[in-house]
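Asker: The amino acid sequence is not available; the structure is as follows:
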Ligand code: 5GP
């Protein structure tokens, strides 16, 4: 039986046109900042959540950029240590590059702290972060993204790259699931 996944959404928090508009603004701001310092960014998407956001964002860069992807996961049971395991590394070298990490959401901040460290260890000249969403109420690590699309309340959100059990990443908006979805 076919089932439309949008039926599982209780509420849309941020719609597609708002995200598109924000991506234009973010790209313009980021480009201006990098240009001022004479830098060409290596834009690195964290798989898989960043994919729709990254695809939208990079359309609006007018200057040359390089792009790549990395996939990391936390070592099981070591949340407090916060080390990350690389599942898929970059294809390009990040040595002496100005890396711009693209993330879907900053929650506790653990992932970004570790990924930032990782790129500095790889010899990056500079590491900045752009995140589509920020959930500041949940932060346990003192880290802030350099560029943020939207601040969201402390609720579990899906869509535009964000999943629940690997589903809902393809929704073109950010929304909240119906409670029945979790209990079914
Ligand atoms: P952090 O290390 O900041 O706690 O974790 C960030 C990661 O947790 C995100 O990249 C995302 O995969 C996941 N995450 C955090 N909050 C949410 C949320 O509200 N919805 C979804 N779908 N994933 C989330």
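Answerer: That came through, no problem. The structure presented is a predicted model; accordingly, all values stated were derived computationally and were not measured. Numbers count the residues shown, from 1 in each chain.

Asker: What are the boundaries of the strands in the protein?
Answerer: Taking DSSP state E as the criterion, the chain contains strands spanning 9-14, 41-46, 66-74, 84-88, 98-106, 126-134, 147-151, 157-158, 174-177.

Asker: can you put these in CSV and add mean pLDDT?
Answerer: As requested, these are arranged in CSV below (pLDDT from 0 to 100):
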stretch, mean pLDDT
strand 9-14, 97
strand 41-46, 98
strand 66-74, 93
strand 84-88, 90
strand 98-106, 97
strand 126-134, 97
strand 147-151, 98
strand 157-158, 96
strand 174-177, 97
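
Asker: got TSV for those strands, with distance to the ligand too?
Answerer: (Each C-beta comes from the backbone N, C-alpha and C, glycine too.) Compiled in TSV, the strands of the chain are given as follows (distance: least, CB to the nearest ligand atom, whole Å):
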stretch	distance to the ligand
strand 9-14	10
strand 41-46	7
strand 66-74	7
strand 84-88	9
strand 98-106	5
strand 126-134	8
strand 147-151	12
strand 157-158	4
strand 174-177	9
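
Asker: so which of those strands comes closest to residue 32?
Answerer: Residue 32 lies closest, by CB to CB, to one member of the strands of the chain: strand 147-151, at 11.4 Å.
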